[in-house]
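Visitor: let's see this in three dimensions:
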Amino acid sequence: MADTVSILDRIFTLELARVAEAAAVAAARLRGKGDEMAADQVAVDAMRTELNKLNIQGRVVIGEGERDEAPMLYIGEEVGSGKGPQVDIALDPLEGTTICAKNLPNSLAVIAIAERGNLLYAPDVYMEKIAIGPGFSAGLIDINASVKDNLAALAKAKGVDISRITTCILDRPRHAKLIKEVRETGAAIRLIGDGDVAGIIHTTDPEETGIDIYLGSGGAPEGVLAAAALRCIGGQMQGKLILDTIEKRDRAATMGVDDPKRIYTADDMARGDVLFAATGVTDGNMLAGVKFGKDAITTETIVMRSSSKTVREIKARHQNIGKFG
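Guide: Residues are numbered from 1 along each chain as shown. Here you go, the predicted model:
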C-alpha cells in the first residue's frame, strides 16, 4: 500500500486532471449540438485514450455500463499500461449528457481512482440518496427518516428556519411525491435536469451554490462518484440501492452486493485513499466550462484527495490545440 500511495503522490494528481481535461474538451466541441450520444462517445474515447497512457493496472468499476452495452470503458474493463499500482476507477466521461447537448450549466467530465478493492462495485441501477456538506455532527441525516425530519434537523444544526433551507432534486416524474413533501415543509427546491454528481458536490459549499441538501434517486454509479468527492472535501451521504426486480437483485448479487437493503455511507462507497477530478464542460457553479480561443483552449479542473483533504483548482491554458484533436 505504501508504494501505491507514493505513486499517487507523485503522478496521479496531475495525470488525473489531464484525463478529465481531455474528455471535457472532446465533449465541449459538441455542446449545444443536441446530440447526446455523440457527445458522450467522444468523451469516452478521449478519456480511454488518456487512461491507457498511465502507468497503472486499472480496472473500471464504475463505467459506461456493462460489457455488452458499452463498447468502451465498460464495467470490468482493464485500462492503463499494465504496469504500476493496481487501482479501481470510477468515471463518467460526460456527467450530464443532456446538459451538454443543450449547453446548460454544470456538465462535467468526472473520474475517481482508489486502490484496488476500495470503490463500491455498484450495479447500473437507481440509488436513493441523501447528502449534506461538511461541518455537521455525524448521523445528522438519515435516509430512512422522513423528509420533514431531515430538513428540520439540518435547519436546527444551521441555526435557521426551515424556510431558509434549499434542497437539490433531479427534475423527474418519480420525484413528484418528494417535491410535494419538501414544499410542505416550507423549504425551497432547486430542480436540476441532470447531473446529480454536481448536485451532491454543491452541498459542500452552500454559500456559493445556494444548495444545502441533496435528496432523491439517481444512478448508483453517480452515487459512487459523488461519494468519492465527499470523501475528499467532507460531508455526509447515504445511499440505498433500488433493487425492485429479481433481475436487478440477481445482477447486484453477482457484483458482490450481499444485502440488497444495505444503507451505504460515503465511506462504504469510496474507502481508503481516493483521488477525484472533475473538469467543467459547460459553465457551472463549481467550474467554468471549456473555452475555445483562437490560439488556445482553456479548462478549469478541480482535483481532490481524501487522505490529505487537499483541493487543487487548476485553470489550464492549452496552447497545443492539436493535442485535443
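Visitor: so Ile132 touches Asp212, yeah?
Guide: Yes: when contacts are counted by Cβ atoms under 8 Å, Ile132 is listed as touching Asp212 (7.0 Å). Heads up, the C-betas are built off the backbone N, CA and C, glycines and all.
Visitor: anything in contact with each of these two?
Guide: Listed contacts common to Ile132 and Asp212 are Leu154, Thr203; contacts here mean Cβ atoms under 8 Å, 6 or more residues apart in numbering.
Visitor: between the two, who's got more neighbours?
Guide: Taking Ile132 and Asp212 together and counting by other Cβ atoms under 10 Å, Ile132 has the greater number of neighbours (27 against 23).
Visitor: contact partners for that one?
Guide: Ile132 makes contact with Leu140, Ile141, Leu154, Thr203, Asp212, Ile213, Tyr214, Gly235, Gln236, Met237 under the criterion Cβ under 8 Å, 6+ apart.
Visitor: can you select the buried ones among those for me in ChimeraX?
Guide: What follows is the ChimeraX syntax for the buried subset of the contacts of Ile132, where burial is set by 16 or more other Cβ atoms under 10 Å:
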select :141,154,203,212,213,214,235,236,237
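Visitor: which of the contacts of Ile132 lies closest to Leu120?
Guide: Nearest to Leu120 out of these is Met237 (Cβ to Cβ; 11.9 Å).
Visitor: quick check, Ala101 in a helix?
Guide: Yes: according to DSSP: H, G, I helix; E, B strand; the rest coil, the state of Ala101 is that of a helix.
Visitor: let me see the ranges of the strands in the stretch 151-300 of the chain.
Guide: Counting by DSSP state E, counting those that start in this stretch, the stretch 151-300 of the chain has strands at residues 166-170, 188-192, 213-219, 236-241, 263-265, 274-280, 291-292, 297-305.
Visitor: could I get the average pLDDT for the last one?
Guide: Put plainly, it is strand 297-305. The predicted model assigns strand 297-305 a mean pLDDT of 95.
Visitor: now do the first one
Guide: Averaging the model's pLDDT scores along strand 166-170 yields 97.
Visitor: residue contacts, the nearest residue to Asp267 once chain neighbours are set aside?
Guide: Counting by Cβ to Cβ, 6 or more residues apart in numbering, the nearest residue to Asp267 once its immediate chain neighbours are dropped is Arg231, at 7.0 Å. Applying Cβ under 8 Å, 6+ apart to Arg231 gives the contacts Ala266, Asp267, Ala270, Val274, Phe276, Ser306.
Visitor: rewinding a little: Ser107: which of the contacts of Ile132 is nearest?
Guide: Using Cβ to Cβ, Tyr214 comes nearest to Ser107 of the contacts of Ile132, at 17.4 Å.
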